[in-house]
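Asker: Need a 3D model of the following:
(one chain, ligands or ions: 1)
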Amino acid sequence: MAPIELRQGIYWVGVVDWDIRDFHGLSTNAGSSYNSYLIVSDKIALVDAADPGGGASVLLRHIAEIVDPARIDYVISNHSEPDHSGALSEVMKVATGATLLASKDGVKRLGQMYHHDWNFREVGDGDELSLGKYSLTFFNAPLLHWPETMFTYCPEAKTLFSCDAFGSHIASTELFVDEVGTDRVLPHLRKYYAFLIASFRKAALAAMDKIKDLEIEMIGPSHGPVWRRDIDLLFDHYRSWANLEVKDKATIVYGTMWGATQTMVGAVADGLKAGGLESRAWNVKKTDASDIISDLLDSRLILMASPTFVSGIYPPVEAFIPYLRIPRDKTKKLAVFGSFGWSGGATRKLTEILRAEGYEVMDDALQQRFFPGEDEIRECYEFGRGAAEWAKGKESGSA
Ligand code: FEO
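Answerer: Next up, the predicted model:
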């Protein structure tokens with residue numbers, strides 16, 4: 001994508017990555033982008049650099065289509081993670097007179113990461129930088145998504161450069177969310193939030209509170225499309241997720257060896273529906289964990305289902321447990337079921353582990369021997385219905 005002017009004199013000059021499929025553990029099946037913004041005023045500022053994987057040459061080429069990169073006066077580092085700073089060395093090599101602005105912690109981290117004696121300037125909450133026609137104000141946004149992260153706001157353009165917050169991993173030839181399609185962007189926004197921001201939901205709420213009085217007509221995140229419409233919708237989604245709002249929905253996370261637990265899943269899902277919860281079921285062997293986490297966000301109930309494997313939990317299901325920690329949401333209720341051949345053990349161990357993690361787990365996990373027959377299918381259905389009612393607070397209970 002060639003540079004695009006967002007506002008008069010303010011340009012997207014970033015890098016689209018069609019190829020990336022794994023962003024430090026988050027599956028990125030639609031690619032991503034590393035958004036950098038060039039603000040050409042009396043002075044020239046660049047907000048964020050690109051990733052280290054060949055992004056520098058593209059970034060510099062994009063800048064050169066607008067101004068000579070040597071003329072850059074200020075480079076703003078909102079975040080020092082390599083997908084934002086990887087091209088800094090190349091940029092600073094060309095922009096020899098530039099001052100590099102970052103938060104106090106950002107300056108420290110960039111020093112630790114790149115070991116250059118750049119002309120740093122620390123900026124803090126509310127600090128302003130005049131560029132002439134435009135100015136920039138900085139807001140610390142710690143943990144969104146590293147401790148040193150900050151937002152940069154241009155009041156004259158009513159534009160917020162929000163770094164990782166409000167981003168999504170999508171590569172596209174269109175820059176704006178309304179061009180890419182809001183309905184297409186929202187699932188990616190949610191997945192990105194679930195994997196990168198949900199762990200720091202209180203920080204997200206604090207950051208939104210900090211910027212609530214700013215006039216914002218455009219949000220340029222560091223990844224994915226730019227928001228120039230529906231900003232209230234964007235904030236509503238973030239607030240809803242950060243406030244742990246749930247729907248009448250359950251997510252079943254399961255593994256299966258010979259299909260017995262999978263058969264149970266279908267009958268349990270029917271029972272959940274009868275109890276008032278819609279559900280989605282995900283086989284951990286066939287679905288990326290980051291997609292499952294995304295579905296957990298607004299679920300009232302999580303069901304973990306595992307066959308017994310060597311007297312314990314089927315390893316692919318056990319391997320999912322650490323991912324449950326990512327949203328740091330212990331308000332959800334959990335229930336456990338699964339099949340076994342001769343000894344059993346998976347449901348008991350799952351219950352023990354999940355309770356030790358701090359989750360409220362329904363009593364009386366359901367375990368069934370070998371393949372379910374008619375009676376067992378009925379039992380699964382009743383288990384699902386009971387779990388739904390328990391999660392909705394209608395009854396105490398077990399199934
Ligand atoms: Fe876009 Fe925290 O990296």
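Asker: Is I76 bridged to anything, and to what?
Answerer: For I76, the beta-bridge partners under DSSP bridges are V47, L101.
Asker: can I assume it is in contact with A45?
Answerer: Yes - here I76 lies in contact with A45, judged by CB atoms under 8 Å, at a distance of 6.0 Å. Quick note: C-beta positions are derived from backbone N, CA and C, even for glycine.
Asker: Which neighbours do these two have in common?
Answerer: Counting by CB atoms under 8 Å, 6 or more residues apart in numbering, the shared contacts of I76 and A45 are L136.
Asker: The ligand contacts on this structure?
Answerer: Proximity of the chain to the ligand (CB under 6 Å from any ligand atom) is limited to residues H79, E81, D83, H84, H145, W146, D164, S222, H223.
Asker: Try it again at 5 Å.
Answerer: E81, D83, H145, D164 (CB under 5 Å from any ligand atom).
Asker: Now do the phi/psi pair for the residue in the stretch 151-300 of the chain that the ligand sits nearest to.
Answerer: With CB to the nearest ligand atom as the measure, D164 is the residue of the stretch 151-300 of the chain nearest to the ligand, at 4.5 Å. Torsion angles at D164 (phi, psi; degrees, to the nearest 10) stand at phi -70, psi -30.
Asker: Give me the neighbour count for it.
Answerer: D164 has 24 neighbours, counted by other CB atoms under 10 Å.
Asker: quick one, what contacts the closest residue to L88 other than its chain neighbours?
Answerer: Excluding the flanking residues, the one nearest L88 by CB to CB, 6 or more residues apart in numbering is A49, at 4.7 Å. Contacts for A49 (CB under 8 Å, 6+ apart) come out as 36, 55-56, 59, 75, 77, 84-88, 90-91.
Asker: buried stuff in the helix or strand harbouring L354?
Answerer: According to DSSP states H and E, L354 maps onto helix 346-356. Judged by neighbour count (16 or more other CB atoms under 10 Å), helix 346-356 contains these buried residues: A346, T347, R348, K349, L350, T351, I353, L354.
Asker: and what of stretch 222-234?
Answerer: S222, H223, G224, P225, V226, W227, R228, I231, L234.
Asker: What of stretch 128-146?
Answerer: 129, 131, 134-146.
Asker: From the residues you listed, which land in strands?
Answerer: L129, S135, L136, T137, F138, F139, N140 (DSSP state E).
Asker: Please tabulate those residues in CSV, including the columns pLDDT.
Answerer: CSV is the format used below for those (pLDDT from 0 to 100):
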residue, pLDDT
L129, 98
S135, 98
L136, 98
T137, 98
F138, 98
F139, 98
N140, 97
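Asker: which one of these is nearest the ligand?
Answerer: Distances from the ligand to these, taken by CB to the nearest ligand atom, are shortest for N140, at 15.0 Å.
Asker: returning to what we had before: could you point out which element follows the helix holding L354?
Answerer: Assigned by DSSP H and E, the successor of helix 346-356 is strand 360-361.
Asker: List the contacts of that following strand.
Answerer: Under CB under 8 Å, 6+ apart, the answer for strand 360-361 is K330, K333, L334, A335, V336, T351, L354, R355.
Asker: returning to what we had before: farthest pair in the ones in strands among the buried residues of stretch 128-146?
Answerer: S135 and N140 (17.9 Å; CB to CB).
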